[in-house]
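1. Sequence below, structure please.
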Amino acid sequence: MDRYSFIIALLDKTIWPITLFISLFIIRKPLKELVPFLKKAKFKDLELEFEKELNNVSQQAANEFPDFEDNWRNHLIILANNYPNQAVLEAWKEIEQRAYRLIINNNPAINLSKTTPYKQMEEILTSKNLVETRKTKVFKDLRLLRNKVAHARQFSVTPEQAVAFITIAISFAEYLDEKISNTHC
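-> The predicted structure follows:
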């Protein structure tokens with residue numbers, strides 16, 4: 001093997017590692033900026049996506065529900081520590097029950113779809129102005145997060161994520177309680 005053949009063979013074996021190293025070196029700053037947001041990577045970015053969306057919903061909810069009260073959530077928080085996915089689903093049931101009650105109080109003849117009741121609830125809450133538009137966005141985002149927990153295979157949330165979801169869900173449920181009590185006046 002002559003010198004040129006040796007150099008070509010060496011380049012052939014090292015070109016991809018060198019290219020990868022150079023690429024990582026070039027994008028190191030943007031990667032460093034993303035690291036603080038990285039909590040835990042899971043199958044196909046589902047867990048990271050849930051964390052990011054949950055943070056967005058948390059910010060929206062904090063703006064819409066200024067006094068996040070810590071009442072009646074003890075059962076859900078205990079559940080979140082042991083069964084976080086189940087806690088998210090239970091918290092959503094509280095919203096679902098209240099949204100249904102609010103809708104029925106305003107239109108007793110309504111018949112919700114059996115295949116997509118949550119989507120239909122969202123549309124009714126918006127179209128009938130039963131809930132403010134920005135709060136309907138929180139309802140939709142919570143519904144989408146709940147759907148990930150309920151339907152994505154082998155998807156699990158952390159206890160901390162479940163508690164954050166529960167906090168928002170309880171605030172939204174209490175908001176719906178206020179709306180329900182205003183319809184009885």
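2. Excluding residues flanking it in the chain, which one is nearest residue 146?
-> residue 92 (4.3 Å; CB to CB, 6 or more residues apart in numbering). C-betas here are computed from N, CA, C, even on glycine.
3. is it true that that neighbour touches residue 168?
-> No. Because the distance of 10.6 Å does not satisfy CB atoms under 8 Å, residue 92 is recorded as not touching residue 168.
4. so what sits against both of those two?
-> Where contact means CB atoms under 8 Å, 6 or more residues apart in numbering, the residues bridging residue 92 and residue 168 through contact with each are residue 142.
5. still on that earlier bit, now do the contacts for the residue nearest to residue 146.
-> Under the criterion of CB under 8 Å, 6+ apart, the neighbours of residue 92 are 142-143, 146, 169.
6. same thing but 7 Å
-> Residues counted as contacts of residue 92 (CB atoms under 7 Å, 6 or more residues apart in numbering) are 142, 146, 169.
7. closest to residue 8 among those?
-> Nearest to residue 8, judged by CB to CB, of the contacts of residue 92 is residue 146 at 57.6 Å.
8. sorry, back to before: top of the contacts of residue 92 by neighbour count?
-> Neighbour counts for the contacts of residue 92 peak at residue 169, which has 27 neighbours (criterion: other CB atoms under 10 Å).
9. who touches it in this structure?
-> For residue 169, the contact set (CB under 7 Å, 6+ apart) comprises 91-92, 94-95, 142.
10. Neighbours of residue 140, how many?
-> Applying other CB under 10 Å, we find 17 residues neighbouring residue 140.
11. Once you drop chain neighbours, what's closest to it?
-> Of all residues not flanking residue 140 in the chain, residue 122 sits nearest, at 5.5 Å (CB to CB, 6+ apart).
12. residues contacting the one you found?
-> With contacts defined as CB under 7 Å, 6+ apart, residue 122 is in contact with 136, 139-140, 143.
13. Just the buried ones out of those, please.
-> Those of the contacts of residue 122 that meet the buried threshold are 136, 139-140, 143, by 16 or more other CB atoms under 10 Å.
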